[in-house]
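>>> Sequence and predicted structure below; questions after.
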Amino acid sequence: MSTENVRVRFAPSPTGHLHIGGARTAIYNWAFARHHQGAFILRIDDTDRQRSTDENTAAILRALEWLGMDWDEGPEVGGAYGPYFQTQRAKSHMEALQSLRDSGDAYACFCTADELATRRDPAAPDGSHGGYDRRCRSLPPATISSRIASGDQHVWRLAVPEERGQIEIDDAIRGEVRWPAEVMDDLVLVRSDGTPTYNFATVVDDWQMAISHVIRGDDHLSNTPRQVLIYEALGARVPRFAHMSLIFGSDGKRLSKRHGATSVEAYRDDGYLPEALLNYLALLGWSIDDKTTIFDRETLVRDFELGRVSRNPAVWDPDKLEWMNGAYIRGLSPTELGTRMRPYFAKAGLVRPDGTQGDDVDLDRVAPLLSERMKRLSDAVRAAAFLFGDLVEIEEVSRAKMAQTDGAAEILEAAAARLGALETFDAASAEAVLRSLPEVLPVKPKDVFQTVRVAVTGSTVSPPLFESLELLGRERALARLASARDSLDLADHAADPG
RNA sequence: GGCCCGUUCGUCUAGAGGCCUAGGACACCGCCCUCUCAAGGCGGAGGCACGGGUUCGAACCCCGUACGGGCUACCA
């Protein structure tokens, strides 16, 4: 495949936010362009005026940037082939229609939608494909011009060549695919309201933008022969196509909202790292070899090739994404992780968004305690919440376990006394103190750790205890031990109202 | 209905006729490590949709069947 003049595009419709399926299409296009030192073009296909919004466009651009995509031409960066909003290209669409009318490849059709429906209906179209019957194609020119002149509603259709035979493409992912041209309807190019249909607009735009490879979802494969016909009528060079399969939900249906989060933003908000999502998405339908799972952006660009894109649909696997995200989190330095966690703590009101100074807790110091137990950045907030505030609320089940532990009161008292007497209050000293308790009390080490853990963190599950104590500081640690000790008595009284 | 596309462990995939006793990853199970939870280490279970060919030899090639998906709009 020639590296010369590779120009690919991602053309989302701003009718919603960036979907993970769309994101994967964008990634493959981007990686292909970068691999071949070509151009990655972003075009906003906003022809659906009712549902397209500027907010959605902005959200899509932001999501793409977040994923690390950069585009050589498109909104915000411009380019020689603009405009990059499809609705602003109406003039060239109309010019293309005019040239098709001039060449006789497009003709006016006055059939109404109702007429078409009733004509199509008559039961099972045995053998025939039951499409448009091309009746307006043979209208006398005089009739056509007079009806147009009198304002009759009409669409413009492509006159599919009678003797076209097989329409064949060499798909970069699927190989050779062909369709008999006879089953192609004379598709509508321009609607009665004067706007171009999707198939017409994209072909005209891709042609004029000199797109060399059209890399898109499988759902467009069946549109391809129609588009090829349009390219041919236009006298345009047909680009190379590459159809990647769709992403499915676990039920084998196309991924949609009912399968859970489907927008890139939702994953960002849930605490996924962009590099993890990128990695996961890239691997969903493509692979480098038989064992590489984690790889960075540069590797993706270096190794990406369409020939290694799989032809069968992939099921979205949230578990694997979570695992991968965790793997990326573990690879972050404490400072980096601290920075990345900040927005989530800030959202919970625990820390300042800007992170300058004056936080109750230094996130860079929290990060190493959390990094191996996080799947998502947002997990950190719950796991580290106990570090904020003076006292901590103890979970009911954890309190019950603590209360049932033999010698719990003694453990809490002894721990408080000895931790209080410490020269320097750090993790190592705290560990030494707690480990020595079984030497002076008839208790098991495990009970010491768990009792203190519950008292200090509010739960039987927490980040490493000794480091947590250090982060908490002597004062708060002692206060919590005392509070837990008191709660034991209260529980006794409550349980024994006599 | 018609036209297309697809089918390797539960999931993502490696595999382009002998390297396959089908490899890796997630998930799952067990053991180890261990202050809880994780992380990590080691091990285990688990798959070529089915039926015919072609070939000395097929997960890989051909045909059929089944199943899934897409398109069949004046949606994109």
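Ah, there it is. Residues are numbered from 1 along each chain as shown, chains lettered A, B, ... in the order given.

>>> Leaving out chain neighbours, which residue sits closest to A:Ser103?
Sequence neighbours aside, A:Ala233 is the residue nearest to A:Ser103 in space, at 7.1 Å (criterion: C-beta to C-beta, 6 or more residues apart in numbering). Every C-beta, even on glycine, is put in place using the N, C-alpha and C of the backbone.

>>> Also A:Ser212?
Among residues not flanking A:Ser212 along the chain, A:Arg7 sits closest, at 4.8 Å (C-beta to C-beta, 6+ apart).

>>> Mind listing the residues bridging to the one you found?
With DSSP bridges as the criterion, A:Arg7 is bridged to A:Ala39.

>>> Distance of it relative to RNA strand B?
As judged by C-beta to the nearest atom of the strand, to the nearest Å, A:Arg7 and RNA strand B stand 20 Å apart.

>>> Buried residues, the top helix by length along chain A. List them.
Counting by DSSP state H, the longest helix found in chain A is helix A:474-495. Buried residues in helix A:474-495, counting neighbours by 16 or more other C-beta atoms under 10 Å, are found at A:474, A:476-485, A:487-488.

>>> Tabulate those residues in CSV, adding columns for pLDDT and distance to A:Ala149.
As requested, these are exported to CSV (pLDDT from 0 to 100; distance: C-beta to C-beta, whole Å):
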residue, pLDDT, distance to A:Ala149
A:Arg474, 94, 93
A:Arg476, 95, 86
A:Ala477, 96, 90
A:Leu478, 95, 94
A:Ala479, 95, 90
A:Arg480, 96, 88
A:Leu481, 95, 93
A:Ala482, 94, 94
A:Ser483, 94, 90
A:Ala484, 92, 90
A:Arg485, 91, 96
A:Ser487, 85, 90
A:Leu488, 79, 95
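
>>> Pull the most distant pair out of those residues.
Based on C-beta to C-beta, the longest span within the buried residues of helix A:474-495 runs between A:Arg474 and A:Leu488 and measures 21.6 Å.

>>> what's the burial count for the residue nearest to A:Arg43 when sequence neighbours are not counted?
Nearest residue to A:Arg43, sequence neighbours excluded (C-beta to C-beta, 6+ apart): A:Ala11, at 4.4 Å. Residues contacting A:Ala11 under the criterion other C-beta atoms under 10 Å number 25.

>>> The residue nearest the centre of chain A: what's it in contact with?
For chain A, A:Val264 is the residue whose C-alpha lies nearest the centre (C-alpha atoms, centre = their mean; 3.0 Å). Counting by C-beta atoms under 8 Å, 6 or more residues apart in numbering, A:Val264 touches A:17-20, A:23, A:63, A:66-67, A:277.

>>> now with 10 Å?
Residues near A:Val264 by C-beta atoms under 10 Å, 6 or more residues apart in numbering: A:17-20, A:22-23, A:26, A:59-60, A:62-64, A:66-67, A:272, A:274, A:277, A:281.

>>> could I get the buried residues of helix A:474-495 as a markdown table with distance to RNA strand B?
Listed next are the buried residues of helix A:474-495 as a markdown table, based on distance: C-beta to the nearest atom of the strand, whole Å:
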| residue | distance to RNA strand B |
| --- | --- |
| A:Arg474 | 18 |
| A:Arg476 | 18 |
| A:Ala477 | 14 |
| A:Leu478 | 18 |
| A:Ala479 | 20 |
| A:Arg480 | 15 |
| A:Leu481 | 15 |
| A:Ala482 | 20 |
| A:Ser483 | 20 |
| A:Ala484 | 16 |
| A:Arg485 | 19 |
| A:Ser487 | 20 |
| A:Leu488 | 20 |
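
>>> where does the stretch 351-498 of chain A come near RNA strand B, residue by residue?
A:372-373, A:431, A:445-446, A:449-450, A:453, A:460-467 (C-beta under 7 Å from any atom of the strand).

>>> so what's the residue nearest to A:Ser212 up against?
For A:Arg7, the contacting residues are A:33, A:36, A:38-41, A:72-73, A:81, A:206, A:209-213, A:239, by C-beta under 10 Å, 6+ apart.

>>> Now list the buried members of those.
Of these, these count as buried by 16+ other C-beta under 10 Å: A:33, A:36, A:38-41, A:73, A:81, A:206, A:209, A:211-213, A:239.

>>> Helices of the stretch 201-350 of chain A, residue ranges please.
A:224-234, A:264-269, A:274-283, A:297-303, A:318-330, A:334-347 (DSSP state H, counting those that start in this stretch).

>>> what's the closest of those to RNA strand B?
Among those, helix A:318-330 comes nearest to RNA strand B, with 3.4 Å by C-beta to the nearest atom of the strand.

>>> what does the closest one rub up against?
A:20, A:250, A:259-261, A:267, A:270-281, A:283-284, A:293-294, A:296, A:317, A:336-337, A:340-341, A:367, A:370-377, A:379-380.

>>> and if we set it to 8 Å?
Contacts for helix A:318-330 (C-beta under 8 Å, 6+ apart): A:260, A:267, A:271-273, A:275-277, A:279-280, A:293-294, A:337, A:371-372, A:374-377.

>>> cool, and stretch A:154-164?
A:97, A:100-101, A:104-110, A:132, A:136-137, A:147-148, A:181, A:184-192, A:226, A:229-230, A:233.

>>> Of those residues, which belong to strands?
Residues of the contacts of stretch A:154-164 located in strands (DSSP state E): A:106-109, A:188-190.

>>> Name the nearest of those residues relative to RNA strand B.
Each of these was checked against RNA strand B using C-beta to the nearest atom of the strand; the closest is A:Val188, at 3.7 Å.

>>> list the contacts for the residue nearest to A:Arg43?
Neighbouring residues of A:Ala11 by C-beta under 8 Å, 6+ apart: A:42-45, A:86, A:202, A:205.

>>> Determine which two of those are furthest apart.
A:Leu42 and A:Thr202 (14.1 Å).

>>> just the strands in the stretch 151-300 of chain A please.
Assigned by DSSP state E, counting those that start in this stretch, the stretch 151-300 of chain A shows strands spanning A:155-158, A:166-171, A:175-180, A:188-190, A:213-217, A:240-244, A:247-248.

>>> hey, C-alpha coordinates of the third one in PDB?
What follows is strand A:175-180, C-alpha atoms only, in PDB (Å, rounded to 0.1, in the frame of the first residue of the first chain):
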ATOM      1  CA  GLY A 175     -10.900  -8.500   0.700                       C
ATOM      2  CA  GLU A 176     -12.900  -8.600  -2.500                       C
ATOM      3  CA  VAL A 177     -16.600  -8.100  -2.200                       C
ATOM      4  CA  ARG A 178     -19.000  -7.800  -5.100                       C
ATOM      5  CA  TRP A 179     -22.600  -7.000  -5.800                       C
ATOM      6  CA  PRO A 180     -24.800  -7.300  -8.900                       C
END
